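J.: using only what follows, build the 3D model:
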Amino acid sequence: MNFPGAELLALLQDVRTLYSEVARLLSTGEELLRERGWRGAASDSAATAYYSTGLDNPKQWMASEAFRFYRSDSEAQGVLAFVSVLLIPHAGDWDKLKLKEPLVTAGWFQYAQIPTITTSVQWHSRWHGYSATPPSSDGTWIETLAEEIEEAERSRYKYGFSCARTFGRPLVQIVGPAELDSLIIRPLLEDIGRARR
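T.: As a prediction, this is how the structure comes out:
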């Protein structure tokens, strides 16, 4: 270890503070969406996945992203929406997910029937990160139609959606609830509304 002890401790405390701020961002997003008729799609409050607790995989001790999925049976049947914070690529994703900085991403997937939120779906919270190299961070929407994806990939990863639409913004732009609403939540709901007309 090349860090002086006090600097190392401060760095680790900063990471803990960052995670607390990300949790607050996601909680605020959940409140804003609930006010507009959306509810959490998962049966629990899990916001991270794909990390390791084992000695054999220390690169995944830290969460790479935090996310929440949402649904609204009255507003948009078959739509699985999400808000996600991409912090760093997963250990095996350095060549696929090239972040210049942490991003807040959001988007939605169109399903005939929304799946249960398990590890087979949770990784979709990273979808925007895979959409371009590097992924856009200016609020530009990117659309992926399932029919455009090779059949082998669709079968391997069990994509059940017909369409995915995502966008991203730098995490540092989201400094409070007003920015979260204007830069993430409102554009998300407006896009879902336009697409469903």
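
J.: tell me the confidence at the residue lying farthest from the centre of the chain?
T.: Largest separation from the mean C-alpha position in the chain: P4, at 34.1 Å (Cα atoms, centre = their mean). P4 is assigned 85 on the pLDDT scale.

J.: residues contacting L188?
T.: Residues in contact with L188 (Cβ atoms under 8 Å, 6 or more residues apart in numbering) are 81, 83, 106-108, 167. For every residue, glycine as well, the C-beta is placed using N, CA and C.

J.: make TSV from those and add pLDDT and secondary structure to it.
T.: Shown next, in TSV, are the contacts of L188 (pLDDT from 0 to 100; DSSP: H, G, I helix; E, B strand; the rest coil):
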residue	pLDDT	secondary structure
A81	97	strand
V83	98	strand
A106	98	strand
G107	97	strand
W108	97	strand
F167	97	strand
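
J.: return the member of the residues you listed nearest to Y50.
T.: V83 (17.4 Å; Cβ to Cβ).

J.: pretty sure that closest one sits against A106.
T.: Yes - contact criterion Cβ atoms under 8 Å: V83 and A106 qualify, at 4.8 Å.

J.: shared neighbours of the two, which are they?
T.: Contacts common to V83 and A106, judged by Cβ under 8 Å, 6+ apart, are 184-185, 188.
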